[in-house]
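> have a look at this prediction, sequence included:
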Amino acid sequence: MPDEKQLKARIKKVNIKKIKNVLETLDGARIKTWLNICAKCGLCAESCFFYLANDKNPEFSPAYKIKSTVGEMYKKKGDVSLPFLEASMEALWARCTMCKRCSQFCPFGIDIAAMITIGRSVCQSHGFVPEFLAKAVENYRVSGNQMALTKDDFIETCEWMEEETADEIKGLTIPMDVPEVKFMYTLNAREPMYYPQDIAQIAQILTVAEESWTMPSEGWECTNLPMFAGDRTLAGIIVENMYQKARDLKVDKILVTECGHAYRSTKYEGPYLSGYPDGIPPIEIIHSVELFCEYLESGRIKIDPSKKLKEPVTYQDPCNVSRNGGLWDIGRIVMGYLADDFREMSPNKDYNHCCGGGGGYIPMGPEYRVKRMVSGKIKAEQIRKTGAKLVIVPCHNCFDQINDLNEEYDLGIKSVSIKEVLCEIMMIPDKFKPDEE
Ligand code: SF4
Ligand code: SF4
């Protein structure tokens, strides 16, 4: 149930002008064309894991989800009711992760996820956003990150991880706000909050690779939840804060942690959201998977052959790293270095299914957990069929969802990031080995 603050944020009377404004300004002409040309052929239905996992209920088919929400908004020129907006909120957030798989199967290339974005913005304009997600967005407003961490909290966490890890890798530091280096590292706020070891791991890898890098004290949050909550103004501010920090530090590139949402936001949607009409970020963006691949291929990071993974391993293609980020082959090259027994899911690469936790679903919290587990059934089946014991997951969101699926469906697997595996099996050159006591 929404809390008092959230209910207050909900507009008591529909503002038709406001809705029309969202519908017209956000790519209105293209959306209207898509709505008109949809032949209702249903070819997109079987591509959507929500439809498959929910007994092929037609209400979960991509075309229906759009027709019953955004389609109605346009048809009625914004003159919709509050109960309609509340019902749309359910369809737009709890039945779609904006994974874009359905667009690959539509003969007209209709971009369902782009239309879901518009629908979410309309709902958000009237305060209809799932409660937990709305709270996370509020956190961004006050602190610039979804976990409401202060600048001091963040710096202290980095210092703590530096202290903890300096014993393992001689000379390891987590440099803060160092100007004119190659990379500014950006991360998901869940890392300093729940998984601080991720910060230690990236510091180990970048130290061993002798990289020129810095952690920024601000503008470090790259997972842009306002983007998935329909709050495009705030989403633009968040991403611009990051670009600005990179410009202030005069770094060459922004390096994005193992996170799909972050990559989509920072590289592909962020520029439009923050006012770069050509869609090109003002600074080059690199995903961690790309950098790890470069290190392995160039030999800057070497794998200890005796530690290479022997158990069966599979790879989760995060939608926003593989299908929407184009990095599926890079992920396979990395797997070749890490694992002897690599097993593909089916389907895979750009056709892989969403894990069911994307598009803001995980931050929608416990209220939506049961639905999230039902829709995650397709991913659970994919994983089980591989026989893998280890699932390598270069995305925080997928990582959390696959952990939950492991419990729910008793998969008997462990999910790990590429960082974690690299830290376990990379060779540590002598100069980085701690001195003997
Ligand atoms: S974008 Fe993904 S989740 Fe949404 S309707 Fe299409 S296939 Fe389903
Ligand atoms: S495949 Fe395309 S044209 Fe056919 S129902 Fe789906 S969105 Fe409409």
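The structure has been received and is ready for your questions. Numbers count the residues shown, from 1 in each chain. Ligands and ions are numbered 1, 2, ... in the order given.

> so which residue of the stretch 151-300 of the chain comes closest to ligand 1?
Nearest residue of the stretch 151-300 of the chain to ligand 1: residue 228, at 12.1 Å (C-beta to the nearest ligand atom). Backbone N, C-alpha and C define where each C-beta goes, glycine included.

> what sits closest to that residue if chain neighbours are left out?
Leaving aside its chain neighbours, residue 228 sits nearest to residue 360 (3.3 Å; criterion: C-beta to C-beta, 6 or more residues apart in numbering).

> and that neighbour, what element?
Assigned by DSSP states H and E, residue 360 falls within no helix or strand.

> so out of everything in the stretch 301-437 of the chain, what residue is nearest ligand 2?
For the stretch 301-437 of the chain, C-beta to the nearest ligand atom, closest residue to ligand 2: residue 351, 15.4 Å.

> does that residue touch residue 102 like I think?
No. Using C-beta atoms under 8 Å, residue 351 makes no contact with residue 102, being 11.5 Å away.

> the two - which one has more neighbours?
The residue with more neighbours, out of residue 351 and residue 102, is residue 102; 26 against 16, by other C-beta atoms under 10 Å.

> isn't that one up against residue 47?
Yes. Residue 102 is within contact range of residue 47, at 4.8 Å (criterion: C-beta under 8 Å).

> name the residues contacting each of these two.
Shared contacts of residue 102 and residue 47, defined by C-beta atoms under 8 Å, 6 or more residues apart in numbering, comprise residue 62.

> who's in contact with residue 397?
223, 259, 260, 261, 318, 355, 357, 358, 362.

> quick one: secondary structure of the closest residue to ligand 2 within the stretch 101-250 of the chain?
Residue nearest to ligand 2 within the stretch 101-250 of the chain: residue 106 (3.1 Å; C-beta to the nearest ligand atom). At residue 106 the chain is in coil, as set by DSSP: H, G, I helix; E, B strand; the rest coil.

> what residues are up against the closest residue to residue 267 other than its chain neighbours?
Sequence neighbours aside, residue 285 is the residue nearest to residue 267 in space, at 4.1 Å (criterion: C-beta to C-beta, 6+ apart). For residue 285, the contact set (C-beta under 8 Å, 6+ apart) comprises 253, 254, 256, 263, 266, 267.

> cross-check the residues you listed against ligand 1 and keep the overlap.
Among these, no residue lies close to ligand 1 (C-beta under 6 Å from any ligand atom).

> which two from those end up farthest apart in space?
Farthest pair in the contacts of residue 285 (C-beta to C-beta) is 253 and 263. Separation: 13.3 Å.

> the more surrounded of those two?
Counted by other C-beta under 10 Å, residue 253 and residue 263 do not tie: residue 263 has more neighbours, with 29 against 16.

> what helix or strand is the more buried one located in?
Under the criterion of DSSP H and E, residue 263 resides in helix 260-263.

> wait, what's in contact with residue 240?
Per C-beta under 8 Å, 6+ apart, neighbours of residue 240: 274, 275.

> need phi/psi at it.
Residue 240 adopts backbone torsions of phi -70, psi -40, taken as degrees, to the nearest 10.

> same question for residue 221.
phi -80, psi 120.

> wouldn't it be in contact with residue 145 here?
Yes. In this structure, residue 221 is within contact of residue 145 by C-beta under 8 Å, at 3.8 Å.

> break the protein into its domains for me.
4-129, 147-295, 305-425 (automatic domain parsing).

> now do the closest residue to residue 114 other than its chain neighbours, the pLDDT please.
Spatially, and ignoring its direct neighbours in sequence, residue 114 is nearest to residue 27 (6.9 Å; C-beta to C-beta, 6+ apart). The model reports residue 27 with a pLDDT of 74.
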